[in-house]
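> Provide a 3D model corresponding to the input given below.
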Amino acid sequence: MNATSERLLRASRWQLRCSACAAQAQRSPEIQWWHAMTGANNDRVNALAKRFSDSQSEYKVTAVYKGSYPEAMAAAIAAYRAGNAPAHPAGVRGRDRRR
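As a prediction, this is how the structure comes out:
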């Protein structure tokens with residue numbers, strides 16, 4: 001695995017944890033994990049979501065491919081404007097300042 005794939009995988013794991021925390025706070029049984037990963041990284045994201053879901057019964061994580069990075073971000077912005085944004089869309093970087 002090259003360094004870029006490793007960084008993407010680490011970032012995806014972090015986003016999965018953040019999504020799980022957000023869902024726990026909202027008491028949501030299903031977490032949709034929007035992402036823009038393709039190829040082997042898409043397979044890894046799907047495997048991470050499945051492994052997380054299989055490891056416990058409180059939440060179900062569903063990895064949802066939303067297209068290229070710009071398309072995924074456009075979908076997140078559109079969902080936000082419509083009032084139904086994901087808890088933490090993939091690709092959003094930085095700390096949650098609300099803590």
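> For residue 67, which three-state class applies?
coil (DSSP: H, G, I helix; E, B strand; the rest coil).
> Hmm, residue 36 and it touching each other?
Yes - assessed by Cβ atoms under 8 Å, residue 67 is found in contact with residue 36 at 6.5 Å. Bear in mind the C-beta positions are built from the backbone N, C-alpha and C, glycine included.
> Between those two, which is the more surrounded one?
residue 36 (20 against 14; other Cβ atoms under 10 Å).
> Show the pLDDT at residue 72.
According to the prediction, residue 72 has pLDDT 89.
> Please tell me I have it right and it contacts residue 35.
Yes - counting by Cβ under 8 Å, residue 35 is a contact partner of residue 72 at 6.8 Å.
> Run through this structure and note the low-pLDDT ranges.
Residue ranges of the chain with pLDDT under 70: 1-28, 86-99.
> hmm, 50 instead?
The model of the chain has pLDDT under 50 over residues 92-99.
> Show me where it has its strands.
30-35, 60-65 (DSSP state E).
> highest average neighbour count across these?
strand 30-35 (a mean of 21; mean count of other Cβ atoms under 10 Å).
> That one - which strands sit beside it in the sheet, and in what orientation?
strand 60-65 (parallel) (DSSP bridges).
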